[in-house]
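1. Need a 3D model of the sequence below.
(3 chains)
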Amino acid sequence: MQILILLLQIAMLLAIVLLHVAYLTYFERKIIGHMQVRMGPMRVGWHGLLQPIADGIKSFFKEDIIPQQADKPLFLAAPIICLVTMLAALAVLPFAEGWVLADINIGLLFIFAMSSLASYGIILAGWASNSKYTFLGGMRSMAQVISYEIPMGLSLVGVMMLSGSLNLSEIVAAQGTSIFSIYLFPQIIGFFVFFIAMLAETNRVPFDLPEAETELVSGYITEYSGMRYALFFMAEYIGMMVIASIGTICFLGGWNGPFAIPFFPPFWFILKVYGFLFVFIWIRATLPRYRYDQLMALGWKLLIPLALLNIFLTGLLKVLVR
Amino acid sequence: MEPIRIAAQLEEKFPDSILGIMEHRGQVTTSVARTPIVEIIQFLKTEHQMNHLNCLCGVDNLHRTAHVGERFEVIYQLYSIENRILLRLKAQVPEAEPAIDSICGLWTGANWLERETYDLFGIIFNNHPNLKRILTPDDWQGHPLRKDYALKGDQEWSGFEQLKEKAAQLKQFEF
Amino acid sequence: MTKTTILDVQVADGADDKYRLKMGPQHPATHGVLRVDLELDGETIDKCDPQVGYLHRGFEKLAEHRTYAQNIVLTDRLDYISAMANNVGYCVAVEKLLAIEVPPRAQFIRVMVCEMARISSHLLWLATHALDIGAMTVFLYCFREREVLLELFAELCGSRLTNTYTRLGGVRQDVTHSIMLKLQRFVDEFPGHIAEYETLIDTNRIWLKRTIGIGQISADKAVDLCLTGPSLRGSGVAYDIRQHIPYAAYNQMDFEVPVGETGDTYARYRCRMEEFRQSNTILRQCIERMPPGPILGKDAPDLIMPAKPGRKLEFDAVAGNALIKLIDNRDLYMAGDVYVATEVPKGELGFYFISDGMGRPYRMHIRSPSFLHIGALATIGQGVMIADLIAIIGTLDVVLGECDR
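-> Sure, this is the predicted structure:
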């Protein structure tokens, strides 16, 4: 019985998240469109509201082209690795008090592990396509993941130290005691590092080097088409939502808000995640792209030292306050 | 200094190589022999600051009336950015041996211009670092801008035949 | 290492560890059908070898078989982004060759359309250059303004892209009051738009990192590579044909030639941004001082149809034969050759003509800036990274239609 309920919950979460992903693409196109003095999708449905569904149907029925020289098993597995790991990361996210599928004690670590695994999908896609651009894209992705996983992990160490837990629900609960009941202010350096690292982690502008369309055509997804392409797309957007959720949980106080909303506890959580996603999209419309070596320099020379400094300061703070 | 006086000075300096000086619509052309072309241009570049190579191209005089000189000519259009003077050199290249010295040593940019002239006229540039066809495919027959080049050939370019073969091959996949 | 091939293209071989990438001709950032053969060491380019010719249409050969007036349409297809400037360049050259007078109003109109073409071409350059580096929004902002200019072109001559607006001895149609009003509005608004682009990218840290010091060309090197236009002026050489050898009514215009210092991608970018402003002032002067009068000179030749009185023709049954007889008459014009260059947005567009006295050019050579700019890529692109190469292709502002002719 319990398993059945759990399965039902999983199905519900999946349905909601995938619907969100579909409409996240719509919002991205719409918001960027308006920032760029154009309308965005307008044709399918009222103001293009059915566009994501049309896109979904289209990519579902498109021919699935596999290059002759590709490493077939890896080529087929790569998008699935990407998507599944990202979906698995959703399991530990607490959307509200008790609204969590798996309330495990190492939630934060689990999410890191999953988002690192997702990059395997990208690297394998780059390798298995056996094309020059995808290979370069995969290579860039590899370097980028290694360089940005570290500052991202380090930036959250401060949060772990303050809250004394890796359990995401407990991190949210622990923030009740800090200023405005969020960790943003005591962890401002950590947040800064986290914010930049999260853009890089999700391959978003200005760090979208693995798929830089003007340099590498489409990077690691150059050879993909149809539904497999869409899987990568979905993985990227779920990744964005997961990372935005971590930001919300670790720095913005999770589901806590100025006042409680009856009947729908995750209201503030969702609002904050939307805020993050809007910033993602806003940045995409504004900034140019970094060069590969500049990206590495930024990661290793600026973010990691800053994150280490943040850990030191947090430790100092903790000792002094005690 | 007037371009016509520069041309006169050239004639003094290279008496045997200057074949004639013409003026048309205010532009001065100096017809020169092909052998000391690098020295002549070097002289103009250093002594008269003719530092900008506007253009380098070939001419086929096969159908020209009242033309004296060789069949091919290579045109060097020089300009001095400091003194604002245009001067044109016309090097005579005989049909029997269509070759002239390269001026890639004077302008790196001349590299492609000479390749183009080679491609379209078949004039060979001695000491050129990379004298290959540039606008037409590597296995092209003939030199299209020559006046005796047939406007319509009797066979397709081999690359096009290959393309047609490939299209026929792919037809079985219902492309 | 075993040989792995993809569709006959060699990925890696045992001979060396070079990673060979043929970028193009169907690559989003090579501005058309440019192919660059790269030898890579990681992401650094060891050897860069541009390949052109995919768009070669044999204009020089074609021109030898068409009349002077017919060739105007060929020039549209050179640099198809600024067809107006090419039209003017061609007509200026033919008028010099055949000694045709152009009335002052036509001269002013030519300057006007040239500058409009310059702005529209630079807008497209900025749009694609910014997009290449990753700034997407600038792209659409630029197209918003370019649309206004293209609509004006359409109103002026019925065509947005391939204009064929100039005629030997003048222009095709007179500017109307409505066009002048719309242009005036554009000229008034445009400085604000330039400021808008600049706020987006001018002081953007990422933009600066991607452009400053990238693709640096010293002044001597730029002249050595035969660069022209803003690509040369970015290196600090003040060579602008509009001032050096003025054509049309440029000698009556009051404008400055912006010159950069450092010769890197950023300097060239700044140069072109300043040219926006200068072109805008030239446009304003054109509107203010547009003289009245005819738009086609009295001695403008009718090379298409024998309409001039006093010109004798042996009419055959077919009108076309009469035309050919007229054109192939060897004493029609004075024999001789000229080289006339004009400053198109990309650089120096030169036409070298040899006339044999006939109604067709004996030889027409087009000196196109893009051809030499791409030729220079082999030198500039050495030792940079792939992302920089994209930025350099963008900053040299090449159009393959003009390069391959």
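
2. interface residues of the stretch 51-200 of chain A facing chain C?
-> Proximity of the stretch 51-200 of chain A to chain C, by Cβ under 8 Å from any Cβ of the partner chain, involves residues A:67-69, A:130-133, A:136, A:140. The C-beta positions use only the backbone N, C-alpha and C, and glycine is treated the same way.

3. Highest neighbour count among those?
-> Note: the member of these with the most neighbours is A:Arg140, at 29 neighbours, neighbours being other Cβ atoms under 10 Å in any protein chain shown.

4. wait, that one sits on A:Gly219?
-> Yes. Judged on Cβ atoms under 8 Å, A:Arg140 makes contact with A:Gly219 at a distance of 7.3 Å.

5. any residues in contact with both of the two?
-> Overlap of the contact sets of A:Arg140 and A:Gly219 (by Cβ atoms under 8 Å, 6 or more residues apart in numbering or on different chains) consists of A:209-210.

6. touching chain B at all, stretch C:219-229?
-> Yes. Interface with chain B: stretch C:219-229 contributes C:223-227 (Cβ under 8 Å from any Cβ).

7. what's the farthest-apart pair in the residues you listed?
-> Taking Cβ to Cβ as the measure, the residues of stretch C:219-229 next to chain B span a maximum distance of 8.8 Å, between C:Asp224 and C:Leu227.

8. Comparing the two, which shows the higher neighbour count?
-> Here C:Asp224 and C:Leu227 are set side by side on neighbour count (other Cβ under 10 Å), and the busier one is C:Leu227, at 30 against 20.

9. which residues touch stretch C:383-390?
-> Outside stretch C:383-390, the residues that touch it by Cβ under 8 Å, 6+ apart are A:136, A:212, A:214-216, A:289, A:291-293, C:23, C:29, C:36, C:38, C:40, C:43-46, C:48, C:132-133, C:210, C:214-215, C:381, C:392.

10. for stretch B:61-75, same thing?
-> With Cβ under 8 Å, 6+ apart, stretch B:61-75 has contacts from B:19, B:31, B:34, B:37, B:55-60, B:88-95, B:98, B:100, B:117, B:121, B:123, B:146-148, C:330, C:335, C:339, C:352, C:354, C:356-357, C:362, C:365.

11. repeat that with 7 Å
-> By Cβ atoms under 7 Å, 6 or more residues apart in numbering or on different chains, the list of residues contacting stretch B:61-75 from outside reads B:31, B:56-60, B:88, B:90-95, B:98, B:100, B:117, B:121, B:123, B:147-148, C:330, C:352, C:356, C:362.

12. What strand or helix carries the residue of chain C found nearest chain B?
-> Taking Cβ to the nearest Cβ as the measure, chain C has C:Cys226 as its residue closest to chain B, at 2.9 Å. Following DSSP states H and E, there is no helix or strand that holds C:Cys226.

13. Grab the nearest non-local neighbour of it.
-> In space, not counting the residues next to it along the chain, C:Cys226 is nearest to B:Gly109; the distance is 2.9 Å by Cβ to Cβ, 6 or more residues apart in numbering or on different chains.

14. Neighbours of that neighbour, how many?
-> A count of neighbours around B:Gly109, defined by other Cβ under 10 Å, yields 25.

15. Next, the contact list for it, please.
-> Taking Cβ under 7 Å, 6+ apart as the contact definition, B:Gly109 lies against B:53, C:224-226, C:372, C:375-376.

16. hey, what's B:Ile75 bridged with?
-> Here B:Ile75 sits in beta bridges with B:Cys57, B:Lys90, going by DSSP bridges.

17. Can you give me the pLDDT of it?
-> B:Ile75 is assigned a predicted lDDT (pLDDT) of 90.

18. B:Leu89 versus that one, what's the distance?
-> Distance of B:Ile75 to B:Leu89, computed by Cβ to Cβ, to the nearest Å: 7 Å.

19. in stretch C:58-71, what's buried?
-> By 16 or more other Cβ atoms under 10 Å in any protein chain shown, the buried positions in stretch C:58-71 come out as C:58-61, C:63-64, C:66-71.

20. Give me the contact list for it.
-> Residues lying outside stretch C:58-71 but in contact with it, judged by Cβ under 7 Å, 6+ apart, are B:144-145, C:74, C:90, C:94, C:168, C:303-304, C:327, C:359-366, C:405.

21. Strands - which of those land there?
-> Secondary structure from DSSP state E places C:361-366 of these in strands.

22. which among those residues are in contact with chain B?
-> With the criterion set as Cβ under 7 Å from any Cβ of the partner chain, the members of the ones in strands among the contacts of stretch C:58-71 near chain B are C:362-363, C:365.

23. Dump those residues to TSV, plus pLDDT, distance to A:Val21 and neighbour count.
-> Converted to TSV, those look like this (pLDDT from 0 to 100; distance: Cβ to Cβ, whole Å; neighbours: other Cβ atoms under 10 Å in any protein chain shown):
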residue	pLDDT	distance to A:Val21	neighbour count
C:Tyr362	87	66	22
C:Arg363	88	63	24
C:His365	90	58	27
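
24. ok, these vs B:His128, which is closest?
-> Proximity of these to B:His128, judged by Cβ to Cβ, is greatest for C:His365, which lies at 19.1 Å.

25. show me where chain B has helices.
-> Using DSSP state H, the helices of chain B run over residues B:3-13, B:37-47, B:110-121, B:158-170.

26. Quickly compare the ones you listed and say which is most buried.
-> Sort those by mean neighbour count, taking mean count of other Cβ atoms under 10 Å in any protein chain shown, and helix B:110-121 sits at the top with a mean of 25.

27. C:His365 touches C:Tyr352, doesn't it?
-> Yes. Because the distance of 4.0 Å satisfies Cβ atoms under 7 Å, C:His365 is recorded as touching C:Tyr352.

28. between those two, what contacts are shared?
-> Common contact partners of C:His365 and C:Tyr352 (Cβ under 7 Å, 6+ apart): B:55, B:57.

29. Dump the contacts of B:Gly109 to a markdown table, plus pLDDT and distance to B:Gln42.
-> Below are the contacts of B:Gly109 laid out as a markdown table (pLDDT from 0 to 100; distance: Cβ to Cβ, whole Å):
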| residue | pLDDT | distance to B:Gln42 |
| --- | --- | --- |
| B:Leu53 | 88 | 12 |
| C:Asp224 | 88 | 14 |
| C:Leu225 | 88 | 18 |
| C:Cys226 | 87 | 17 |
| C:Leu372 | 89 | 21 |
| C:Gly375 | 88 | 21 |
| C:Ala376 | 88 | 22 |
